[in-house]
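J.: Return atomic coordinates for the entry below.
(one chain, ligands or ions: 1)
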Amino acid sequence: MTAVRSFADLHTHSAASFDSLADAARMIERAAALGLTHLAITDHERIDGAQRAAALAPAGVSVIVGEEIRSRDGDVIGLFLEQAIPPGLSAAETAAAIREQGGLAGLPHPFDSFRSSGGAKASGRRMQPDELARLFDYVEVHNARAYRDANPRAAAFARDHALPGVASSDAHSVMEVGIAVTVLPGPFSTAAELRELLPAATIVAGRASYYVRLWTPLAKLAQRLRGDRRIVAATIPPRDTETP
Ligand SMILES: [Zn+2]
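T.: Numbers count the residues shown, from 1 in each chain. Got it, this is the predicted structure:
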């Protein structure tokens, strides 16, 4: 019997995000062309775009409805969500809200000093790394947009806390989809099945080129002109710096 494997990009942004113009249908096409079996669409602070995309997805590519949530302690990824989770909660409250829906909680780009993220904060003032690690099902040990030593530090964090690691593109454009992929040793269609496979995940780690990353500021500008502003809660601290 041939072993069935899954190929997943677990962190991408469609045009429903304030900083992406990527058309979800084209993202799914790209995922299919690359041979991905799962594409998580994790827009900032909303899941409506991902839900629409999930309804459209052709056989062969499963769209996972996710969200990248700005918690007070940094960004958190929720996968397999049914309702959007508001920004501005603590990381613990955010993870609890994800679990309440039966979802998976992931820690994205934890040490990327250019972006608000849990690990960078944990190494600073708010949360102890141990306390942070207990909240999550997995850590993004490779984010294709991360800078400098952020990925090796994330990998060390995952190893030290015995958390599974994943690789994600963090795509903000169609051409970035699948640049980094998590390979799982079996099929899955639920959060529980993915959680079970994660400890045996392997990663295919690529890197977004500088040219590709230039698209994000352009996309933000275009979204602003369309009046499609980011959903923000009054209590959220501003980003440390703009996402490059
Ligand atoms: Zn992201």
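J.: Show me where the chain has its strands.
T.: Counting by DSSP state E, the chain has strands at residues 6-12, 38-44, 62-71, 74-79, 104-107, 138-143, 165-168, 181-184, 202-204.
J.: Can you tell me which of those strands is nearest to the ion?
T.: strand 62-71 (4.7 Å; Cβ to the ion). Placement of C-beta: from N, CA and C, glycine included.
J.: Who are the packing partners of that closest one?
T.: strand 6-12, strand 38-44, helix 48-56, strand 74-79, helix 91-100 (3 or more Cβ pairs under 8 Å, 6 or more residues apart in numbering; DSSP states H and E).
J.: the inter-axis angle of the last one versus strand 62-71?
T.: I take that to be helix 91-100. If you take axes from the mean of the first three to the mean of the last three Cα atoms, to 10 degrees, helix 91-100 sits at 150 degrees to strand 62-71.
J.: same thing with the fourth one?
T.: Strand 74-79 and strand 62-71 are oriented at 160 degrees to each other (the same axes, to 10 degrees).
J.: Let me know the distance separating Leu34 from the ion.
T.: 19 Å (Cβ to the ion, to the nearest Å).
J.: burial measure for that residue, as a count.
T.: By the criterion of other Cβ atoms under 10 Å, Leu34 has 15 neighbours.
J.: do the same with Ala33
T.: Ala33: 11 neighbours (other Cβ under 10 Å).
J.: so who does it touch?
T.: If a contact means Cβ atoms under 8 Å, 6 or more residues apart in numbering, then Ala33 has no contacts.
J.: can I assume Lys220 is in contact with Phe18?
T.: Yes: if you go by Cβ atoms under 8 Å, Lys220 and Phe18 touch, sitting 6.5 Å apart.
J.: Mind picking out the helix or strand in this protein with the poorest mean pLDDT?
T.: Sorted by mean pLDDT, DSSP states H and E, the helices and strands of the chain end with helix 118-122, the least confident at a mean of 50.
J.: Listing request: residues of the protein with sub-threshold pLDDT.
T.: 1-3, 113-126, 209-219, 221-244 (pLDDT under 70).
J.: Residue numbers of it in contact with the ion?
T.: Taking Cβ under 5 Å from the ion as the measure of proximity, the chain contacts the ion at 68, 170.
J.: Identify the residue nearest the most centrally placed residue in the chain in space, chain neighbours excluded?
T.: For the chain, the residue nearest the mean C-alpha position is His11 (3.0 Å; Cα atoms, centre = their mean). Spatial nearest neighbour of His11, excluding adjacent residues (Cβ to Cβ, 6 or more residues apart in numbering): Ser168 at 3.5 Å.
J.: likewise Thr42?
T.: Closest to Thr42 by Cβ to Cβ, 6+ apart is Gly66, at 3.8 Å.
J.: List the contacts of the one you found.
T.: Gly66 sits next to 10-11, 40-42, 47, 50, 77-81, 103 when contact means Cβ under 8 Å, 6+ apart.
J.: Equivalent analysis for Gln83, please.
T.: 47, 101 are the contacts of Gln83 under Cβ under 8 Å, 6+ apart.
J.: where's it relative to the ion, distance?
T.: According to Cβ to the ion, Gln83 and the ion sit 20 Å apart.
J.: Same check on Ala158?
T.: 18 Å.
J.: What of Ala91?
T.: Counting by Cβ to the ion, the gap from Ala91 to the ion is 16 Å.
J.: Please apply the same query to Ile47.
T.: For Ile47 relative to the ion (Cβ to the ion), the value is 14 Å.
J.: Quick check: that residue vs Leu104, distance?
T.: Distance of Ile47 to Leu104, given as Cβ to Cβ, to the nearest Å: 14 Å.
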